[in-house]
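S.K.: Turn this into a model:
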Amino acid sequence: VSGRPPPPQPQPDEPAATPRHLITRRATPQAEALWDRLQVFEIDTSHLERNRIITASREDPAHAAFDVLRTRLTQALAENGWTRVGITSPSKGCGKTFTAANLAISMSRQEGLRALLMDLDLRNPSLHKVMGVRAPGAMGALLRGVIPPEAHLMRMGENRIHAGHNIAFGFNEVVEPYAAELLNAPATAEVITSIEARLQPDVMLFDLPPALYYDDVLAFRPQIDGVLMVVGGGLTTEREIREVERRLGTETPLLGMVLNKAEGTNLKKYQY
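M.R.: So this is what the prediction gives:
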C-alpha cells in the first residue's frame, strides 16, 4: 500500500506464522543486543503528569482509551503485515504529540511488543520536552546517516510507572528549515529501513507535523503504511478532515481518527 516491498514470507524451515491477533515476533540476537545498547533516560513521573501523559500513572480514567487504541492498532497492523504508522493532525493544537506519547507508553506495557516512536515534526520538535529529556541531539544527523541509531535512539530506564523497556524514542532538539526535503530524501528512506532491519521493532510510530501545514507529511508518505489522524474537538472541521484524506490519497490508508479535547463537543459533527 505504501510502495514498500511486502514483508518476507516464512520459509519452509521457519516456525509457523504468529496468529494474526498478535503482532510480536522474535527478534534476532543481533537486534536484541543492539536494543540493549541504546541509551537510557530517566523517567520523572511528576513531569509526565504535568504534560498530560495520562498513561503514566493511569490515574486519569481516560488512559483506558489509549489501551484500546493500542490494541486496535496492533491488531490492524498484524492483519495487514504493516509496521509503520504516521501520527498527524489537520492543524496545530489538536494534540498529536500528546496522543503519540501516551500511545507509546501504553505500548510499552504490551508484553513482548517492541515499539519505536520518532519525532519527525522537524520544524517544531517537542516530544523530548513532553518526555522530560534535555539535549537529545539532532534527528537530522540520524536521518542523514551521520550517526548510527544506537548513538541517538533512547529507551526508558527503571521507573515507578511500570512502563516497559521495549519502547525506544527518537527525540530531536534541532529545527530543520528544509524539513520536507529531508523527509523526502533517499538517505532518510535508507535510514528508516536500516533501523527497522537492525532493531526489528514490531511497531514504528512517527510523530509528524500537521498535514495541512507545508508538505512534510506528503514527503514522508512513501515511508509509512498508514496514518492515525488526531482531530481536535471544536477545532477541526469536517472540511479539514476531508482535505487531509484527499492529500493522503487512497494508497495511504487512514487507520483511524482520534478525537481529542472532546468535552462539550458535538460528536455528530465528526460522523460522516
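
S.K.: list the contacts for residue 109?
M.R.: Under the criterion of CB atoms under 8 Å, 6 or more residues apart in numbering, the contact partners of residue 109 comprise 162, 163, 164. Using the backbone N, CA and C atoms, a C-beta is placed for each residue, glycine as well.

S.K.: Tell me the spacing between residue 101 and residue 225.
M.R.: Distance from residue 101 to residue 225, counting by CB to CB, to the nearest Å: 21 Å.

S.K.: Residue 226 bridge partners, please.
M.R.: Listed beta-bridge partners, residue 226: residue 85 (assigned using DSSP bridges).

S.K.: Poorly predicted segments of the stretch 1-150 of the chain, please.
M.R.: The model of the stretch 1-150 of the chain has pLDDT under 70 over residues 1-25.

S.K.: what about 80?
M.R.: When residues are selected by pLDDT under 80, those of the stretch 1-150 of the chain lie in 1-26, 55-62.

S.K.: ranges for the helices of the stretch 101-250 of the chain?
M.R.: According to DSSP state H, counting those that start in this stretch, the stretch 101-250 of the chain carries its helices in the segments 127-131, 139-143, 179-183, 186-199, 216-220, 238-248.

S.K.: quick one: which of the ones you listed is nearest residue 170?
M.R.: helix 139-143 (6.2 Å; CB to CB).

S.K.: Among the helices of the stretch 101-250 of the chain, single out whichever gets nearest to residue 173.
M.R.: Distances from residue 173 to each of these were compared by CB to CB, and the smallest falls on helix 127-131, at 6.1 Å.

S.K.: and the closest one, what other elements does it pack with?
M.R.: Based on contacts counted as 3 or more CB pairs under 8 Å, 6 or more residues apart in numbering; DSSP states H and E, the elements that helix 127-131 packs against are helix 96-108, strand 115-119.

S.K.: which residues sit against the last one?
M.R.: By that I understand strand 115-119. When contacts are defined by CB under 8 Å, 6+ apart, strand 115-119 is touched by residues 97, 100-101, 104, 107-108, 125-128, 139, 153, 166-172, 195, 199, 201-207.

S.K.: tell me the angle of that strand relative to helix 186-199?
M.R.: Relative orientation of strand 115-119 versus helix 186-199 (axes from the mean of the first three to the mean of the last three CA atoms, to 10 degrees): 150 degrees.

S.K.: got the buried residues for stretch 119-136?
M.R.: If you call a residue buried by 16 or more other CB atoms under 10 Å, then stretch 119-136 has these buried ones: 119-122, 125-133, 136.

S.K.: can you check stretch 49-67 too?
M.R.: For stretch 49-67, burial by neighbour count (16+ other CB under 10 Å) applies to 51, 53, 54, 55, 56, 58, 63, 65, 66, 67.

S.K.: now the first one, nearest residue through space, not along the chain?
M.R.: Yep, that's residue 51 we're talking about. Nearest non-adjacent residue to residue 51, counting by CB to CB, 6 or more residues apart in numbering: residue 130, 4.7 Å away.

S.K.: do the third one as well
M.R.: Excluding the flanking residues, the one nearest residue 54 by CB to CB, 6+ apart is residue 60, at 4.0 Å.

S.K.: coming back round to it: which one of residue 101 and residue 225 has more residues nearby?
M.R.: Shown here are residue 101 and residue 225; by other CB atoms under 10 Å, residue 101 has more neighbours (29 against 21).

S.K.: Quick check, that one in contact with residue 129.
M.R.: No - here residue 101 does not reach residue 129: they are 10.3 Å apart, not a contact under CB atoms under 8 Å.

S.K.: joint contacts of those two?
M.R.: In the contact map built from CB under 8 Å, 6+ apart, the residues linked to both residue 101 and residue 129 are residue 51.
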